[in-house]
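Engineer: No sequence on hand, only this structure:
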């Protein structure tokens with residue numbers, strides 16, 4: 001079979017099994033097997049594939065059609081222009097979280113610490129928020145924490161691969177419990193899905209660790225707990241930045257107001273969904 005024939009067959013197979021963006025998935029997997037860039041496939045449609053290439057591709061196509069995330073099969077994910085190792089140890093980073101990081105980049109310069117500020121990333125997962133900010137702001141002092149040993153191991157691996165190990169410290173902690181010091185920015189993409197909504201999630205999402213997905217019976221329990229904790233760790237005028245779930249905006253805005261945060265605001269993601277909350281304290 002030629003490259004084009006393989007792409008057509010894999011695309012048809014993915015369509016049959018309900019895989020979103022079937023052609024794009026087929027191209028990514030074939031490029032991965034061949035060690036080529038995806039765009040290079042278009043220059044080589046007539047090339048015939050050999051069995052040592054087709055065999056591994058068949059296995060990846062099978063696993064993808066069964067719902068295994070593309071990022072797990074490729075072993076990496078692009079996030080804010082950087083390439084991160086991605087596997088079952090932490091949640092697959094979402095495009096919405098990239099939007100959060102881009103918003104923070106524009107906010108950081110206005111924080112009280114200026115270019116030398118203190119940042120803590122709560123629930124760091126694979127480290128994408130902390131490491132993306134470290135790459136952008138080399139003078140920042142950044143701490144990345146998670147309750148999962150597996151996630152912290154993955155985040156450290158990403159820091160090493162990106163040559164950012166000296167720029168970010170890692171610590172095991174449930175929210176802020178084991179953390180000392182005060183921060184100009186506390187950012188968190190915590191689990192915010194209700195355990196009752198498990199049945200609504202896609203096959204791909206359910207490959208993420210439960211600890212990274214589910215925040216409790218309501219979904220926003222951990223976010224509320226962090227809202228309660230954060231004032232004791234924020235410097236005067238410091239910012240709390242949160243990624244939240246669908247339908248959680250109003251209740252969490254009220255929780256921020258009750259705790260005497262100021263400059264409270266929400267922002268939508270590119271799909272028009274209220275996804276981010278920002279507030280200052282003191």
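Structural biologist: That came through fine. Computed from a predicted model, the values in this text were never measured in an experiment. Numbering: from 1, shown residues only.
Engineer: from here on, contacts and neighbour counts on C-alpha atoms
Structural biologist: Fine.
Engineer: Give me the domain ranges for the chain.
Structural biologist: With domains defined by automatic domain parsing, the chain comprises 3-66, 80-281.
Engineer: deepest of those domains, which one?
Structural biologist: domain 80-281 (a mean of 18; mean count of other Cα atoms under 10 Å).
Engineer: and that domain, how far apart are its ends?
Structural biologist: Domain 80-281 stretches 28 Å from its first residue to its last (Cα to Cα, to the nearest Å).
Engineer: How far does it sit from its chain's centre?
Structural biologist: From the chain centre to the centre of domain 80-281 is a distance of 9 Å (Cα atoms, centre = their mean, to the nearest Å).
Engineer: can I assume residue 143 sits in a helix?
Structural biologist: No: according to DSSP: H, G, I helix; E, B strand; the rest coil, the state of residue 143 is strand, so it is not within a helix.
Engineer: one step back: mean pLDDT and distance to residue 73 added to the domains of the chain, as a markdown table?
Structural biologist: Listed next are the domains of the chain as a markdown table, based on pLDDT from 0 to 100; distance: least, Cα to Cα, whole Å:
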| stretch | mean pLDDT | distance to residue 73 |
| --- | --- | --- |
| domain 3-66 | 97 | 7 |
| domain 80-281 | 95 | 8 |
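Engineer: Residue 72 is nearest to which of the ones you listed?
Structural biologist: Smallest distance to residue 72 across the domains of the chain (Cα to Cα): 5.0 Å, for domain 80-281.
Engineer: ok, residue 203 - contacts?
Structural biologist: If a contact means Cα atoms under 8 Å, 6 or more residues apart in numbering, then residue 203 has 67, 68 as its contacts.
Engineer: can you give me the helices for the stretch 101-250 of the chain?
Structural biologist: Taking DSSP state H, counting those that start in this stretch to define them, one finds helices in the stretch 101-250 of the chain at 128-136, 149-161, 210-213, 221-229, 249-258.
Engineer: Those into JSON lines, with extra columns for distance to residue 202?
Structural biologist: Below are the helices of the stretch 101-250 of the chain laid out as JSON lines (distance: least, Cα to Cα, whole Å):
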{"stretch": "helix 128-136", "distance to residue 202": "22"}
{"stretch": "helix 149-161", "distance to residue 202": "22"}
{"stretch": "helix 210-213", "distance to residue 202": "12"}
{"stretch": "helix 221-229", "distance to residue 202": "22"}
{"stretch": "helix 249-258", "distance to residue 202": "23"}
